[in-house]
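>>> just coords:
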């Protein structure tokens, strides 16, 4: 049972698909070697864009929050992958504690937490959910739109261990991206915390991720004999920007023009007639905040007050001072005449599902 995204392939992407299928043996061998060399994230999700002439990841989330959107037919695959991931971290694990985001009003997000807990329970673990919300001082049961419920319990610290009142977990699974920093209660904890604290948005940068990805994409492209640009979006960075005070705007506009010219050159070389565009987004953070699309440097210089306000802060009210400028990848996939952007979910090194 392998997740399948229905994709209409056109033009050069047919060549890309053909190359991948022809090189399947080499690709699988390459992956096996990589899994021996590198640790694999416990879980992750990747946003993909299929432009017909190229397909590329545009974001990677190490704290994925949409497991409730996966087709239930793939639950056995999720469970198998979770078993593999748990065995690597704590082979004799029996109890897992999930620490979610601190927004109890988002019932769809909490449905994700419930689904994640269900996957782990099917993998043979006792699972509870511990919250960082200070107002929750006793277990709180929350009814979900799915008809299920999730129980949030107050986290406690007992020496160097995180516990609930009657629950001492073997490991901690973070489903909280730590945008606002690392809470003191999580520091110096003896149990394994996965993903590690330094993977949170207080420390991680998208630009660093994509620099690493570019090197991997170049190696992979050489392996199967394709142009790396077909699977890798160009990007730039711009630091020390203040959207509210209009500081750093000239630098940002110049970077936009430089990136657009690089994309135009590629389009000309490949006979692509679409108009290039650039996505500007906070170099740290998620939830679709601090992001905009531009097709010229003038759009950056002419941002109105509302647009600058939208770009100035991200989740947890964190100010945006560094941005990633990324080649915009067109999306030509659609479902029911609506634009469809695929996101793929992974546990351990297995693809376990996806949705549009």
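Great, that's in hand. Everything quoted here is computed from the prediction, not taken from an experiment.
>>> check contacts around the most centrally placed residue in the chain.
In the chain, the centroid-proximal residue (C-alpha atoms, centre = their mean) is residue 61; its distance is 1.6 Å. For residue 61, the contact set (C-beta atoms under 8 Å, 6 or more residues apart in numbering) comprises 44, 45, 46, 47, 177, 286. Where C-beta positions appear, they are placed from N, C-alpha and C, glycine not excepted.
>>> Out of those, which end up buried?
44, 45, 46, 177, 286 (16 or more other C-beta atoms under 10 Å).
>>> what's the distance between the fourth one and residue 60?
What it means is residue 177. 12 Å (C-beta to C-beta, to the nearest Å).
>>> picking that back up, okay if I get the buried ones among the contacts of residue 61 as a markdown table plus secondary structure, pLDDT and distance to residue 67?
Formatted as a markdown table, these follow (DSSP: H, G, I helix; E, B strand; the rest coil; pLDDT from 0 to 100; distance: C-beta to C-beta, whole Å):
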| residue | secondary structure | pLDDT | distance to residue 67 |
| --- | --- | --- | --- |
| 44 | strand | 97 | 12 |
| 45 | strand | 97 | 9 |
| 46 | strand | 96 | 14 |
| 177 | coil | 93 | 15 |
| 286 | coil | 66 | 15 |
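>>> Greatest separation within those residues: which pair is it?
46 and 177 (15.2 Å; C-beta to C-beta).
>>> Tell me where the stretch 201-350 of the chain has strands.
235-238, 278-282, 291-294, 323-327, 334-335, 338-339, 343-347, 350-355 (DSSP state E, counting those that start in this stretch).
>>> Spatially nearest residue to residue 346, not counting backbone neighbours?
Of all residues not flanking residue 346 in the chain, residue 44 sits nearest, at 5.1 Å (C-beta to C-beta, 6 or more residues apart in numbering).
>>> scratch that, residue 152 is what I was asking about
Closest to residue 152 by C-beta to C-beta, 6+ apart is residue 131, at 4.3 Å.
>>> is the one you found in a bridge, and if so with what?
Note on residue 131: beta-bridge partners by DSSP bridges are residue 154.
>>> Are we agreed that residue 59 is in a strand?
Yes: per DSSP: H, G, I helix; E, B strand; the rest coil, residue 59 lies within a strand segment.
>>> from what I can see it touches residue 44, true?
No: applying C-beta atoms under 8 Å, one finds residue 59 not in contact with residue 44, separated by 10.6 Å.
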